[in-house]
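> Structure of the sequence below:
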Amino acid sequence: MLLANALSIAEFGLFATASAAGVVLSRILGFGFIAPLYRIATVKPRLLGAYTAGFMGLSALSLPVLAGAAWLMYLLFFASDMPLGIFAAIVASEALLWRPTEAVIIVNNGLNRFGRGAFLTIMGTAIRCAAAFVFVFASERNLANWAVYYLAANGLSLLIAAGFFYPWRRLKFTPELYGRRLPDALYVSAAEILFYLQMELDKLLVLALGNPQLAGIYAIIMRLVDLTAIPIRTFSMLLVQKMMRMPDLLKRLTVRFGIEGAIFAVSTMGLLGLAIILHFHPRLLGDNVAEAAPLVMLALAIPGLRNLVEYQAELLFARGQTAWRAINLVLIGALKAGALALILSLHEAPREIVLSLNWAFLALYLLSLALTSIALTHPAKRV
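Numbering: from 1, shown residues only. This next block holds a predicted model:
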């Protein structure tokens, strides 16, 4: 939230949207080979050196594809509002610096080194917060300068993670090992792109169909919503690891829907608590956040429904049903795009937009629930 107050609302909206685009594009890196790397770390850690070499090689091969996709996204969404250099710096921060840092975190979690994984996640967040704190006192506080700060912060995170926390083994490029895993990795890459596209599509559409000011207000609300996902993602990660070994763990409907009810309750209570605090102290997180504070209470259903869609996608990944996951995400993303386009065409005021989004996310959850339930009736794919 430091950054939301250091930049203008419009510039923060542009940054948040470009960062979201970078997150989507980062899933191209390595053509999804982070997924086999994670599975190997979880079930066959002795092959970690060979799969690390494979990930590094595929990452290099994926760079032209990543650059082409970034250029296309820039033309579609950002060309009229942001210089190419700033957009490239933000995307590079997410795709070339933070995504490999995530790979280090993922591998440590796969090896059950959860303390290291948690430390790296906190460290990366802390470094970016420190960069934002220093930026607040900069003589020129604009988006171009912040892009440089952001690039440096993510570069430092990768340097520390790779240099001190990656469980290095002797690297050995072994193509015959990768052939069996590459199709699954490509499915995962496609599914991850689709997953994050449907997760971040709202920010892109608000910018494309609205304006940077509206995108900034929307980004502030969604950043607050994102806070509720932190404990849910930690739980999902642990459940995914267990389901890799026990694919039928959630066969009983009472267990499955009990977990989903708990996810919704925790997410909703988290945002409710934040909304109550901001109601009595709207400037607690700064003047720019105060402008969006009255809207937070109107978004109460969004975090729970959004986190449930994310959780259901993780269930299919844990069961090795990557093709099912990709198909589901295409359908969910299409519904989200259509619903958001309709909402933005009918409403201009942020209040009405946020209220309507609750119904849109309910529709997304119901579609995800139906598609996931169908997928779960099929046998898990043991990888």
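
> Against Gly85, how distant is Ser93?
Counting by C-beta to C-beta, to the nearest Å, the gap from Ser93 to Gly85 is 13 Å. Yep, even glycine has a C-beta here, placed from its N, CA and C like the rest.

> These two - which one has more neighbours?
Neighbour comparison, Ser93 and Gly85: the larger count goes to Ser93, with 27 against 10 (by other C-beta atoms under 10 Å).

> Quick check: closest non-adjacent residue to that one.
Using C-beta to C-beta, 6 or more residues apart in numbering and skipping residues adjacent in sequence, the residue nearest Ser93 is Asn154, 4.4 Å away.

> Okay, the one you found and Ala118: tell me how far apart.
Going from Asn154 to Ala118 by C-beta to C-beta gives 19 Å.

> More neighbours: which of the two?
Asn154 (26 against 14).

> Helix or strand: which one has that one?
Taking DSSP states H and E as the definition, Asn154 sits inside helix 143-164.

> Could you do Ala69 as well?
helix 48-73.

> How about that helix, which residues are buried there?
Neighbour-count burial for helix 48-73 flags 48-55, 57-59, 62, 66-67, 69-70, 73 (criterion: 16 or more other C-beta atoms under 10 Å).

> who's in contact with His378?
By C-beta atoms under 8 Å, 6 or more residues apart in numbering, the residues touching His378 are 321, 324.

> could we number from 34 for the rest of this?
Got it, the first residue is 34 from now on, which makes the last one we talked about His411.

> mind checking how far it is from Trp357?
Separation of His411 from Trp357 (C-beta to C-beta) stands at 7 Å.

> Over to Cys162?
38 Å.

> Would you mind telling me which of those two has more residues around it?
Ranked by neighbour count (other C-beta under 10 Å), Cys162 and Trp357 place Trp357 first, with 21 against 14.

> who are the neighbours in contact with the more buried one?
349, 404, 408, 411 are the contacts of Trp357 under C-beta under 8 Å, 6+ apart.

> Helix, strand or coil: sort out the last one for me.
Three-state call for His411 (DSSP: H, G, I helix; E, B strand; the rest coil): coil.

> So what does it look like in phi/psi?
With angles defined as degrees, to the nearest 10, His411 sits at phi -90, psi 150.

> ok, now Leu40?
In terms of degrees, to the nearest 10, the main-chain angles of Leu40 are phi -100, psi 160.

> Just give me the longest helix of the protein.
Determined from DSSP state H, the single longest helix within the chain is helix 208-242.

> Next secondary structure after that one?
Next element after helix 208-242 (DSSP H and E): helix 245-260.

> Show me what that following helix is packed against.
Under the contact criterion of 3 or more C-beta pairs under 8 Å, 6 or more residues apart in numbering; DSSP states H and E, helix 245-260 touches helix 35-39, helix 42-59, helix 208-242, helix 286-313, helix 320-329, helix 334-351, helix 383-409.
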